[in-house]
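Engineer: sequence? don't have it. structure:
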Ligand code: B12
């Protein structure tokens, strides 16, 4: 039976008693590792995505989005890399993905009383992503997802594919929307929805952003080695991880 995070009559108080400790516990685990954590209702996500991306849980089910900010590289990835045995590393595995799997799993295991499904941004099911993390981030209030439809008087040809970009209010494009915990046994009908910060209300800036996400000033970008890692193939990624360890 799903646990209620809130009841209608004493909304704020009940939300605090059940939901806050749960979110705070996840924050206490993930924030020191360079992540941010945002609760949302799965229904907010399902309302927007096409049928094939909808998650088959009730609308009020609690989802928790985790995103990594630039400090994750030193706080989570480098320590993870240093603990691995690179001589016996499975060459089909991406070290950064494995780092995410490890830390998300730690969170899941710390809630044995809950039924949690973890969905990583890189996980595919029948050839499509299990979860669209940009939409989840927008609905959770973490980062505005700018899409073609957000631009009036569009400068692009109708048949050109313009990928949407999410812009974090502090780190801009220098974040990764890593995944979502679905608390299948927790419903939160009264979770208040926060709108993401619209950093670019201006049409011209939106057009620029959709062209070049990472040209905007931010207080901290990824470390050079982090950037090098992301633009490498799997073989090189493993070589970078080995180099970090040594
Ligand atoms: C497949 C994929 C790719 C593919 C295709 C790109 C694409 N966007 O489709 C390729 C390989 C090209 C790619 C490349 C890159 N990617 Co990529 N990619 C993904 C992945 C795994 C899935 C995206 C996808 O299939 N979307 C499906 C389409 C249909 O979704 P959509 O266009 O958003 O449409 C939905 C919304 O419109 C929504 N919707 C409907 N109504 C409304 C209303 C509102 C208000 C909202 C918010 C949504 C919404 O419904 C639609 C679906 O039904 C995501 C991670 C993930 N799991 O989400 C990362 C992701 C999008 N990629 C990311 C990145 C960083 C990149 C690269 C920069 C990587 C690199 N180093 O080169 C490049 C940049 C490419 C570019 N020019 O933008 C980031 C984007 C971060 C950000 N700030 O926005 C993501 C989120 C991964 C992450 N870890 O954070 N990627």
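Structural biologist: Cool, got the structure. Because the structure is a prediction, the values reported are computed rather than measured.
Engineer: near the ligand, which residues of the protein?
Structural biologist: 48-50, 53, 121, 129, 131-135, 138, 145, 147, 163-166, 173, 176-177, 213, 230-231 (Cβ under 6 Å from any ligand atom). All C-beta atoms are positioned from the backbone trio N, CA, C, and that covers glycine.
Engineer: filter those down to the ones in strands?
Structural biologist: With DSSP state E as the criterion, strands contain 129, 145, 165-166, 176-177 from among the residues of the chain next to the ligand.
Engineer: quick one: stretch 137-157 to chain centroid distance?
Structural biologist: Here the centre of mass of C-alpha atoms in stretch 137-157, compared against the chain's by Cα atoms, centre = their mean, to the nearest Å, lies 17 Å away.
Engineer: what is the end-to-end distance of that stretch?
Structural biologist: Terminal residues of stretch 137-157 lie 28 Å apart, using Cα to Cα, to the nearest Å.
Engineer: hmm, who's touching that stretch?
Structural biologist: Here stretch 137-157 makes contact (Cβ atoms under 8 Å, 6 or more residues apart in numbering) with 36, 38-41, 44-45, 48, 63, 65, 67, 134-135, 162, 164-169, 175, 177, 193-200, 203, 206-207, 209-210.
Engineer: change it to 7 Å
Structural biologist: 36, 38-40, 44-45, 65, 67, 134-135, 162, 164-168, 177, 193-200, 203, 206-207, 209-210 (Cβ atoms under 7 Å, 6 or more residues apart in numbering).
Engineer: name the next helix or strand downstream of the lowest-mean-pLDDT helix or strand in the chain, please.
Structural biologist: One helix or strand of the chain scores below all others by mean pLDDT, DSSP states H and E: helix 11-14, with a mean of 58. Later in the chain than helix 11-14, the nearest helix or strand by DSSP states H and E is helix 20-30.
Engineer: tell me which stretches of the protein form strands.
Structural biologist: Going by DSSP E, the chain shows strands at 3-4, 35-41, 61-68, 116-120, 124-125, 128-129, 144-146, 165-167, 176-187.
Engineer: turn those strands into CSV, including distance to residue 236 and mean pLDDT.
Structural biologist: Shown next, in CSV, are the strands of the chain (distance: least, Cβ to Cβ, whole Å; pLDDT from 0 to 100):
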stretch, distance to residue 236, mean pLDDT
strand 3-4, 46, 61
strand 35-41, 25, 98
strand 61-68, 21, 98
strand 116-120, 21, 98
strand 124-125, 22, 96
strand 128-129, 24, 98
strand 144-146, 30, 98
strand 165-167, 25, 97
strand 176-187, 18, 97
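Engineer: list the residues that contact the one residue sitting closest to the centre of the chain.
Structural biologist: For the chain, residue 177 is the residue whose C-alpha lies nearest the centre (Cα atoms, centre = their mean; 2.7 Å). Residues in contact with residue 177 (Cβ under 7 Å, 6+ apart) are 67, 121, 133-134, 137, 166.
Engineer: remind me, longest helix of the protein?
Structural biologist: Longest helix of the chain, by residue count under DSSP state H: helix 95-109.
Engineer: for it, packing partners?
Structural biologist: Helix 95-109 sits against helix 20-30, helix 78-83, strand 116-120, strand 176-187, helix 234-245, with contacts defined as 3 or more Cβ pairs under 7 Å, 6 or more residues apart in numbering; DSSP states H and E.
Engineer: pLDDT wise, what is residue 216 at?
Structural biologist: Here, the pLDDT recorded for residue 216 equals 85.
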